[in-house]
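Participant: one predicted model, sequence on top.
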Amino acid sequence: MRYLNVNRYLLHKQSTISEDVFELEKKMKSILDQKISGISFSPYLEGQDPSVKSIISHEQIADRLEIIRPYTHWVRTFSATNGNEEVPRIAHEKNLKTLVGAWIDSDEENNELEINNIIEIAKNGHADLIAIGNEVLLREDLEVEQLIDYIKRVKAAVPHVPVGYVDAYYMFVNYPEIVDACDVIFANCYPFWEHCALDISVEYMKKMYELAVKHAKGKPVVISETGWPTKGEQYGGAVPSYENAMRYFINTYEWANQENIHLFYFSSFDEIWKINHEGEYGAYWGLWDKDGKYKFKK
């Protein structure tokens with residue numbers, strides 16, 4: 001299985017949310033003021049790029065965390081090197097809980113740094129949840145057995161912290177042995193990347209989550225990423241826009257809060273460095289822009 005077929009889920013549901021931009025802005029801010037469960041956090045500034053190992057400073061981490069601190073309970077990180085290893089400690093100092101990620105790919109030397117650092121972070125008490133790898137199997141960077149070895153190694157070193165792995169929801173159907181290795185399942189659920197129109201997007205996202213839960217063997221499932229971009233070209237039936245990003249956010253959190261779903265929204269800030277890797281599609285998913293200014297108030 002690769003993914004759900006969006007055409008099976010054309011449920012004739014229309015968004016019941018207001019078309020009035022002012023009302024959307026007001027509702028979205030109201031949800032944020034009550035704090036969302038979690039948000040992805042990447043502190044890279046314009047001109048920095050993790051693919052060339054840009055070093056991030058304590059100051060920029062603290063400044064960026066301070067912007068989002070009033071609006072979220074948790075932050076999720078993606079790496080434990082090049083300065084990112086300081087994020088969990090600084091987040092805890094700001095009373096934020098942490099899902100700490102290790103970036104795992106085909107660079108085995110760097111993988112060792114990531115694994116050693118994340119074990120150290122957890123031993124120092126700054127990891128509330130751990131994610132070993134992000135979409136490693138989707139990118140086909142490693143064999144599943146290699147990934148499981150990393151997961152088992154971290155679980156043995158820090159048995160007091162739940163350890164899981166992040167990938168697209170359907171990869172946990174394709175690789176049940178990954179489910180066996182994890183304490184918790186971190187499922188990325190993006191209707192946008194499956195060409196889904198906004199009006200049925202949250203219903204479709206629920207189907208993604210339900211599929212992950214069905215194959216999780218009773219283990220907890222966290223939605224580790226979902227979101228909608230404000231800018232970019234139309235992607236099948238999915239249309240990036242200022243209004244659609246607000247509608248997706250509001251509909252998502254109305255469901256997640258009602259059902260008590262642990263969900264990390266993607267993302268905190270626009271990431272301009274992604275234009276060089278994913279085009280315009282990848283850069284404009286933030287609730288705040290590249291300079292840290294809240295985007296949803298005209």
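Facilitator: Looks like it came in fine.

Participant: in this protein, what spans have low per-residue confidence?
Facilitator: 1-3, 5-17 (pLDDT under 70).

Participant: tell me the centre residue of it?
Facilitator: The chain has residue 225 as the residue nearest its centroid, 3.0 Å off, counting by CA atoms, centre = their mean.

Participant: isn't it right up against residue 193?
Facilitator: No. With contact defined as CB atoms under 8 Å, residue 225 does not reach residue 193; the gap is 10.2 Å. Every residue, glycine included, has its C-beta placed from N, CA and C.

Participant: burial of residue 281, as a residue count?
Facilitator: As a burial measure, residue 281 scores 18 neighbours (other CB atoms under 10 Å).

Participant: what's near enough to touch the closest residue to residue 290 other than its chain neighbours?
Facilitator: Leaving aside its sequence neighbours, residue 290 sits nearest to residue 270 (CB to CB, 6 or more residues apart in numbering; 4.6 Å). Residues in contact with residue 270, defined by CB atoms under 8 Å, 6 or more residues apart in numbering, are 283-286, 288-290, 295.

Participant: same check on residue 184?
Facilitator: Applying CB under 8 Å, 6+ apart, we find residue 184 in contact with 129, 162-164, 219-222.

Participant: same thing but at 7 Å, please
Facilitator: Counting by CB atoms under 7 Å, 6 or more residues apart in numbering, residue 184 touches 129, 162, 164, 219-220, 222.

Participant: how close does the residue nearest to residue 290 get to residue 218?
Facilitator: 38 Å (CB to CB, to the nearest Å).

Participant: next one: residue 128
Facilitator: For residue 128, the distance to residue 218 (CB to CB) stands at 21 Å.

Participant: quick one, which of these two is more surrounded?
Facilitator: The neighbour comparison of residue 128 against residue 218 (other CB under 10 Å) goes to residue 128, with 17 against 6.

Participant: can you tell me, leaving aside adjacent residues, what's nearest to the more buried one?
Facilitator: The nearest residue in space to residue 128 (CB to CB, 6+ apart) is residue 97, at 4.6 Å.

Participant: any idea what sits nearest residue 43, other than its immediate chain neighbours?
Facilitator: residue 64 (4.4 Å).

Participant: identify the bridge partners of the residue lying closest to residue 263 once chain neighbours are set aside.
Facilitator: Spatial nearest neighbour of residue 263, excluding adjacent residues (CB to CB, 6+ apart): residue 223 at 4.2 Å. As for beta bridges, residue 223 partners with residue 187, residue 263 under DSSP bridges.
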